[in-house]
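**Q** Got a sequence here, can you build the structure:
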Amino acid sequence: MKKTILTILIATSSMILSAQTAEKATLAITKIGATSALVNDMKAKGTLATMERVVQALDSNLSSAFQATRKFSVLTRADVDIVLKEQDFGTSGNVSAVSKVAQLGKLKGAKYIVSVMVDDFQDYVEKDMFATIKKKLETRKIRIGAVANIIDTSTGEIKETANFVITNDGISDKDLSTQIAGGSSTDSLIPILSRNICTQIAIKVVDMAFPAVIIAKTGKTITFNRNLAMGVAIGDEYEIFAQGEEMFDPDTGDKLGYEEISAGKLKVISVNDKFSRGVLTEDNGVLKGQNLRLIKKAPPAPVQNPSANEI
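**A** A predicted model of the protein is given here:
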């Protein structure tokens, strides 16, 4: 009897220890660069230095964005960068380069590798003239575009290629109270826009690797594994899906994923740094373990100050 109890205790302890020491998926991030076409264009316009600031800002923020999701252990990237000699790797999908990166990532213990290239940068001023009141309004406009390749080292394939474009609509130095006399509004806007685009990239990768899942259900209140860093906001609306039968392409035999059956909808009521909660607005058999997908973002909070500088 004592031996049986001891065996149960040991087994239970092992299960608890295993749960506590479960490892996160490991991810490596390559050094962010710009496509050769963009570099040449910026050189011709004399704005290469500004574009390089964009790349540096993205470079310094991407690791933090992934760490904030609490889903990955992020590796240093020095070794991975060595194989990325072609500037256009991020957009070309070069098979040889992808294979080399995947092999190297596998050696370093990375499950996924993320490669980001900036392929668009615009920085200009819009001017509006009001002749009757003899006033001129100038608005700084910035647009940053990037493409991210997400590589699965276990297969050596690009799992997904995603394009991201972000602008400063609704954001200005005046809103942020950061403009310094004699300085450019670009100086303060670039870091903010870079953080935003890095958050978008991190969210895209997490959604690819780990779909949002219901982790608790109490009555109509649903708790799911998405946090503040994942961009969840109060008022967001999600659809909930039950996983059905696995599907295959009849011609190639390729796996096409699983059939998804709508089980309900929810609206987010609270968000913190670990998880979010929502209240069911529709329930057709919602259960713990089912996946969620964002269907409608809550409208952004209104900007208090105008986004233009009056001259």
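
**Q** where in the protein is pLDDT low?
**A** Applying pLDDT under 70 to the chain picks out residues 1-23, 76-108, 128-138, 170-187, 301-311.

**Q** And the helices in it?
**A** Taking DSSP state H as the test, the helices found in the chain are 2-20, 36-45, 48-68, 78-81, 89-92, 95-107, 173-176, 185-209.

**Q** Report the buried residues of the last one.
**A** For helix 185-209, the neighbour count (16 or more other C-beta atoms under 10 Å) marks 185-186, 188-207, 209 as buried. Any C-beta I mention is one placed from the backbone N, CA and C, and that applies to glycine too.

**Q** Also the second one?
**A** With burial defined by 16+ other C-beta under 10 Å, the residues of helix 36-45 counted as buried are 38-39, 41-42.

**Q** Go through the residues you listed and name the one nearest Val118.
**A** Within these, distances to Val118 taken as C-beta to C-beta reach their minimum at Leu38, with 6.4 Å.

**Q** Look up the closest residue to the closest one, ignoring the ones flanking it.
**A** Closest residue in space to Leu38, ignoring its immediate chain neighbours: Asp119 at 5.9 Å, by C-beta to C-beta, 6 or more residues apart in numbering.

**Q** likewise Ile295?
**A** When the adjacent residues along the chain are set aside, Ile295 lies closest to Glu239, with 4.9 Å between them (C-beta to C-beta, 6+ apart).

**Q** pretty sure that neighbour is touching Arg293, no?
**A** Yes. Using C-beta atoms under 8 Å, Glu239 is in contact with Arg293, at 5.5 Å.

**Q** Look at those two and report which has more neighbours.
**A** Neighbours around Glu239 and Arg293, counted as other C-beta atoms under 10 Å, are more numerous at Glu239. The numbers are 17 against 13.

**Q** which ones are touching that one?
**A** Remark: with contacts taken as C-beta atoms under 8 Å, 6 or more residues apart in numbering, Glu239 is in contact with 262, 264-265, 292-293, 295.
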